[in-house]
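Engineer: Based on what follows, work out the 3D shape:
(2 chains)
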2 protein chains.
Amino acid sequence: MTVAFLGLGTMGAAMAANVARAGFRLVMWNRTPGRAPELLDLGASEATTPAEAVRSGDVAIVCVSDTPDVEAVLFGPSGAAEGAAAGTVIVDMSTISPSATRGFAARLAAKGVTLLDAPVSGGSEGARNGTLTIFVGGDAAALDRVRPVLAAMGTTITHCGPSGAGQAVKAVNQVIIAGAYLGVAEGLVLAMKAGLDPNLAVAALSGGAAQSWVLANRSERMIANEYPLGFRTALHLKDLRIALDLATELGAELPVTRLAAGLEEELVAGGHGDEDVSNLARAIRSRSGLPG
Amino acid sequence: MTVAFLGLGTMGAAMAANVARAGFRLVMWNRTPGRAPELLDLGASEATTPAEAVRSGDVAIVCVSDTPDVEAVLFGPSGAAEGAAAGTVIVDMSTISPSATRGFAARLAAKGVTLLDAPVSGGSEGARNGTLTIFVGGDAAALDRVRPVLAAMGTTITHCGPSGAGQAVKAVNQVIIAGAYLGVAEGLVLAMKAGLDPNLAVAALSGGAAQSWVLANRSERMIANEYPLGFRTALHLKDLRIALDLATELGAELPVTRLAAGLEEELVAGGHGDEDVSNLARAIRSRSGLPG
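Structural biologist: Now for the predicted structure:
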């Protein structure tokens, strides 16, 4: 099976490498060419347009940044839609708007092409190690056809429902972690202001109702006020905006998510958008008179 | 060793029973007498005032609701301070103000009596099963003397620092879980509004960065909109007020904690204060047009 891989950023290049290592033939394309030379060593060939890549693939993977990028890759000049024969399955692993996804899927369906949305969580580490969690929306039979390719990139693949459902579950994920990050950030700032040993406090709290992945894996960064990646604040903000747009469409009111998005806007404006999103602690620290 | 146990509410009665079962002699007192007849079957005797109970005990445990209750039990007419000989250790397992705790400890120290603050987490289930997490502030040598008594009630006992440090760590705990509850509540409301299967979404998210005790143990209640205890919203609100007072004293700014306290005030005003605090989802649901 030949896989067309469109988008070779930090995530995409690492995911494509795992697809190649799993034995699939790879035809790759990136807006800026020559970005992932290591994939040539794995036997991949490079196409000059999305249409050309998709024409030679049995399945296409899209992994870019935001809704307009996906639209350009799919429907722009020499886009994937141009190269896709009826029966092709395109898997969009970017994190974008669920309602835009449904629109893209409908446009492709008119050509007999199936779009699956399949955003991921697990960050650059999960991408490198092939241990991503993948949330899939769209036709279940199409998912079954591409599942071996997805299995090269992730360990948990969940069919979440019809087109857009994968994106919606990803939005839910980003909302839940916004609350988790801010709760831990506020707790640790309070601990430090109170003169407690914050590491001792984390250890004391970890066995109870405060336990979380964030407390276990990100409190050290918040205490040190150093935020190596991880997952970029600018990208989490993009995802929260998707979640808040979805909430607005649906009439849901999410006050903590709004609060988190506002703090992340401040962080991005202050030049901290490329740090790990645990730097939400920076915003709480600086409001509380700690070095932020 | 004889233990004077002051305060036999839901938590106190269950904790006192574990102390009696561990082989300690128990002299008990409660503001309303006759509240825990099952303790008489375990060999406990009843005192008519805190002073009388403490006079016959080697160590005293206080387990009441709020700062004024502790003050009354300690320093009111026939209070514990009146009955306590020099060298007595009093362990306050209520959740109250850290700064008030330091004041109480200083007043008792003037009489040669040591006060430890030792608030707990783990709820009524932890109290019944003797699996509480106990956060201790105050003199470490005094903690060593009473540790066997605390070990009858809890499985994790952490010395957090000087007087008030146990209360401060408890406040940190309540702040962290406020963020966790609200993040999960907003995520699940978004999932339900988006027409997702919320249980499927929880399963899909549980392996990643959204993982938490709250997601694992409280999402089912939020989805069903039914909130059996658990830990009462009215008590969590009391604890958040303690945390916010502490934050104000220290110059810390905790926006999610403030938001959670406001929502809990609404819930209490709406007659939902005796439900489990996972009913924060009720507040998000009703703002979002779901049955709340």
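
Engineer: and the next element down the chain from the least confident helix or strand in chain A by mean pLDDT?
Structural biologist: One helix or strand of chain A scores below all others by mean pLDDT, DSSP states H and E: helix A:123-129, with a mean of 92. Next helix or strand after helix A:123-129 toward the C-terminus (DSSP states H and E): strand A:132-137.

Engineer: Domains in chain A, by residue range?
Structural biologist: Per the record, chain A has its domains at A:2-162, A:168-287, by automatic domain parsing.

Engineer: Let me have these in TSV, extended by mean neighbour count and distance to chain B.
Structural biologist: From N, CA and C alone the C-beta is placed, and that goes for glycine too. Output for the domains of chain A, formatted as TSV (neighbours: other CB atoms under 10 Å in any protein chain shown; distance: least, CB to the nearest CB, whole Å):
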stretch	mean neighbour count	distance to chain B
domain A:2-162	21	4
domain A:168-287	23	2
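
Engineer: would a markdown table of these with distance to residue B:12 be doable?
Structural biologist: Compiled in a markdown table, these are given as follows (distance: least, CB to CB, whole Å):
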| stretch | distance to residue B:12 |
| --- | --- |
| domain A:2-162 | 43 |
| domain A:168-287 | 19 |
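
Engineer: Any idea which of the ones you listed gets closest to residue B:197?
Structural biologist: Residue B:197 lies closest, by CB to CB, to one member of the domains of chain A: domain A:2-162, at 6.9 Å.

Engineer: Quick one: end-to-end distance for that closest one.
Structural biologist: Using CA to CA, to the nearest Å, one end of domain A:2-162 lies 26 Å from the other.

Engineer: next one: stretch A:25-40
Structural biologist: By CA to CA, one end of stretch A:25-40 lies 11 Å from the other end.

Engineer: Now do that stretch, average pLDDT.
Structural biologist: For stretch A:25-40, the per-residue pLDDT values average out at 94.

Engineer: List the contacts of that stretch.
Structural biologist: If you take CB atoms under 8 Å, 6 or more residues apart in numbering or on different chains as the criterion, stretch A:25-40 is touched by A:1-9, A:12-13, A:16-17, A:19-20, A:42-50, A:52-53, A:56-57, A:64.

Engineer: Where helices are concerned, which of those count?
Structural biologist: If you go by DSSP state H, those have A:12, A:13, A:16, A:17, A:19, A:20, A:50, A:52, A:53 in helices.

Engineer: Throw those residues into a markdown table and include pLDDT, thanks.
Structural biologist: Putting the ones in helices among the contacts of stretch A:25-40 into a markdown table (pLDDT from 0 to 100) gives the following:
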| residue | pLDDT |
| --- | --- |
| A:12 | 97 |
| A:13 | 97 |
| A:16 | 98 |
| A:17 | 98 |
| A:19 | 98 |
| A:20 | 98 |
| A:50 | 98 |
| A:52 | 98 |
| A:53 | 98 |
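
Engineer: Tell me which two of these sit farthest apart.
Structural biologist: A:17 and A:52 (20.9 Å).

Engineer: Leaving out chain neighbours, which residue sits closest to the residue lying farthest from the centre of chain A?
Structural biologist: The outermost residue of chain A relative to its centre, with distances by CA atoms, centre = their mean, is residue A:195 at 37.2 Å. Leaving aside its chain neighbours, residue A:195 sits nearest to residue B:161 (7.5 Å; criterion: CB to CB, 6 or more residues apart in numbering or on different chains).

Engineer: okay but that neighbour is in contact with residue A:197, surely?
Structural biologist: Yes - with contact defined as CB atoms under 8 Å, residue B:161 and residue A:197 form a contacting pair (7.0 Å).

Engineer: And the next helix or strand past the longest helix along chain A?
Structural biologist: Criterion DSSP H: the longest helix present in chain A is helix A:165-193. As assigned by DSSP H and E, the chain's next helix or strand after helix A:165-193 is helix A:198-205.

Engineer: angle of that following helix against strand B:132-137?
Structural biologist: 150 degrees (axes from the mean of the first three to the mean of the last three CA atoms, to 10 degrees).

Engineer: And the next helix or strand past helix A:198-205?
Structural biologist: Per DSSP H and E, the first helix or strand lying C-terminal to helix A:198-205 is helix A:213-224.

Engineer: And that following helix, how far out from the chain middle?
Structural biologist: How far helix A:213-224 lies from its chain's middle: 21 Å, per CA atoms, centre = their mean, to the nearest Å.

Engineer: got the angle between it and helix B:213-224?
Structural biologist: Going by the same axes, to 10 degrees, helix A:213-224 makes 130 degrees with helix B:213-224.

Engineer: picking that back up, please name the bridge partners of the residue nearest to residue A:195.
Structural biologist: residue B:137 (DSSP bridges).

Engineer: check contacts around it.
Structural biologist: Residues in contact with residue B:161 (CB under 8 Å, 6+ apart) are A:195, A:196, A:197, A:200, B:137, B:168.

Engineer: got it, and residue A:253?
Structural biologist: Residue A:253 makes contact with A:247, B:284, B:287, B:288 under the criterion CB under 8 Å, 6+ apart.
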